[in-house]
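1. kindly return the folded structure for what I paste below:
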Amino acid sequence: MKYTLSVDGGEPLICLADQVVYAQIPYWCGGASKALALSVMRPRQYYPYDPAGGGLPAIVFFCGGAFSKMDRNVQLPELVYYAKRGYAVFSVEYATDRIYTVMDQVIQCKRAIRFIRAHAAAFDIDPACLAVLGDSAGGYLALAAAVSGDDPAYRAGKDLDQSDAVQAAATLFPVTTRAMAANIPAFPDANTCRLELLEPADHLSDKTPPILTLHGTDDHTVAAAGSVAFHEALDRAKVPNALYLVEGADHGDALFAQTCVKEIILRFLDDALQRR
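-> A predicted model of the protein is given here:
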C-alpha cells in the first residue's frame with residue numbers, strides 16, 4: 001500500500017550535545033581536579049532547510065536534589081519542550097560532594113553562565129537573552145544567580161570578562177531561605193557551613209530581573225509559604241514577578257510537567273526576553 005503524507009514542519013529537529021566541560025575545580029585535597037559539564041539542546045542548524053539561526057535565546061537549567069545530589073540530564077525530556085520552541089537549553093552540573101558548600105554551587109552555576117556567554121557564537125545564542133530555570137534546590141540556585149548578577153562577592157573562576165547577570169528567572173517549588181533549606185530532611189549537613197548561602201530577598205534591587213515561581217499548595221518538603229513571602233518581598237522592591245500556586249500539588253509533582261504549566265513558563269520567558 002502506498003501513501004502520500006503532507007507534514008507541517010513547524011517544529012525543529014532538536015540535537016543534544018553532552019559532556020561540554022565548563023570548569024575544572026579542585027578535588028581530593030587539591031591534588032586532583034573534578035570536571036563540571038553541561039548539556040545543551042538546540043534546534044539543528046545545518047541543512048539549508050533547517051530553521052535559520054541568528055542568535056537563540058537561552059535557558060540555563062539547574063536540577064534540584066537537596067543540594068546533595070543532582071543529574072544534569074534527568075530533566076532533559078521535559079526541557080525539550082522549550083528547545084522545540086526556539087530556545088537553546090543548557091542543563092548545568094554543579095558539585096554536590098560534601099567538600100563543597102552551597103555557596104560553592106552558586107559560584108559554579110554563575111561560572112557556567114559566563115562560560116555560555118563566552119561561547120555564545122559557538123552555541124549560536126544571543127548573550128543578551130539568558131534566563132535561568134530551576135526546581136527545588138535548583139530553584140534556589142536560579143534565584144541566587146538572578147539576584148547576584150555581576151556581584152564580585154560571588155564571582156570566581158574563569159571568563160571573568162563576561163557578565164553572569166541574567167534577564168529572567170523561573171523557578172518551580174524553590175528553596176528561598178537558609179531556614180527552609182535547613183528543614184529539608186534529605187539534606188545531610190543542615191547545621192554545617194555547607195549551608196552558608198545568600199538570602200535572595202536580601203539582594204533585591206532595581207537590577208533584579210523578572211522572576212516567576214510556581215509552587216504547590218500541598219508541598220510537604222518545601223512549604224509554599226516561602227515562595228509567597230519571597231514574592232511579597234519582590235513586590236515591595238518593585239521587581240516584576242508572578243507567583244502561581246498550583247492547587248493540590250506536592251513537591252516535584254507531575255502536575256508541574258503538564259503542558260499548561262510549561263506554557264505559563266514559556267510566555268513569561270518570551271515576555272521577559274522581549275521575544276515575540
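2. which residue ranges form the helices in the stretch 51-200 of the chain?
-> All helices of the stretch 51-200 of the chain, identified by DSSP state H, counting those that start in this stretch, fall at 76-83, 102-118, 120-123, 137-147, 178-182.
3. residues in contact with residue 151?
-> The contact partners of residue 151, by C-beta atoms under 8 Å, 6 or more residues apart in numbering, come to residue 203. (Glycine included, C-beta is placed from N, CA and C.)
4. what pLDDT does the model give it?
-> What the model reports for residue 151 is a pLDDT of 90.
5. where's it relative to residue 33, distance?
-> Applying C-beta to C-beta, to the nearest Å, the value for residue 151 to residue 33 is 26 Å.
6. and what of residue 228?
-> Distance, residue 228 to residue 33, by C-beta to C-beta: 42 Å.
7. and residue 237, what is it in contact with?
-> Residues in contact with residue 237 (C-beta under 8 Å, 6+ apart) are 204-205, 208.
8. typed the wrong thing, it's residue 88
-> Residue 88 neighbours (C-beta under 8 Å, 6+ apart): 40-42, 56-59, 123-125.
9. wait, which of those residues is closest to residue 74?
-> residue 41 (13.7 Å; C-beta to C-beta).
10. that closest one pairs with what?
-> residue 16, residue 89 (DSSP bridges).
11. number of residues surrounding it?
-> By other C-beta atoms under 10 Å, 22 other residues sit near residue 41.
12. pretty sure it is touching residue 12, no?
-> No: look at residue 41 against residue 12 with C-beta atoms under 8 Å: they stay out of range, at 10.7 Å.
13. so what's in contact with those two at the same time?
-> Counting by C-beta under 8 Å, 6+ apart, the contacts common to residue 41 and residue 12 are residue 83.
14. any low-confidence regions in this structure?
-> Counting by pLDDT under 70, the ranges of the chain that qualify are 181-197, 275-276.
15. quick one, strands of it?
-> Applying DSSP state E to the chain gives strands spanning 14-27, 32-43, 56-62, 88-92, 125-135, 168-172, 211-216, 241-246.
16. want to throw the ones you listed into TSV with distance to residue 262?
-> Compiled in TSV, these are given as follows (distance: least, C-beta to C-beta, whole Å):
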stretch	distance to residue 262
strand 14-27	15
strand 32-43	15
strand 56-62	12
strand 88-92	12
strand 125-135	11
strand 168-172	10
strand 211-216	10
strand 241-246	12
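17. nearest to residue 74, of these?
-> Among these, the nearest to residue 74 by C-beta to C-beta is strand 88-92 (8.7 Å).
18. now that closest one against helix 137-147, angle please.
-> Interaxial angle, strand 88-92 versus helix 137-147 (axes from the mean of the first three to the mean of the last three C-alpha atoms, to 10 degrees): 110 degrees.
19. tell me which of the strands of the chain lies nearest to residue 179.
-> Among the strands of the chain, strand 211-216 sits nearest to residue 179 (C-beta to C-beta), with 16.4 Å.
20. who are the packing partners of that closest one?
-> On a contact count with 3 or more C-beta pairs under 8 Å, 6 or more residues apart in numbering; DSSP states H and E, strand 211-216 meets helix 137-147, strand 168-172, helix 224-236, strand 241-246, helix 259-272.
21. adjacent strands (with direction) for that strand?
-> By DSSP bridges, strand 211-216 pairs with strand 168-172 (parallel), strand 241-246 (parallel).
22. please save the CA atoms from the shortest one in CSV.
-> Backbone C-alpha positions of strand 168-172 (Å, rounded to 0.1, in the frame of the first residue of the first chain) are rendered in CSV as follows:
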residue,chain,number,x,y,z
ALA,A,168,14.8,36.4,33.7
ALA,A,169,14.4,33.7,36.3
ALA,A,170,11.7,31.0,36.5
THR,A,171,11.5,28.5,39.4
LEU,A,172,9.5,25.5,40.5
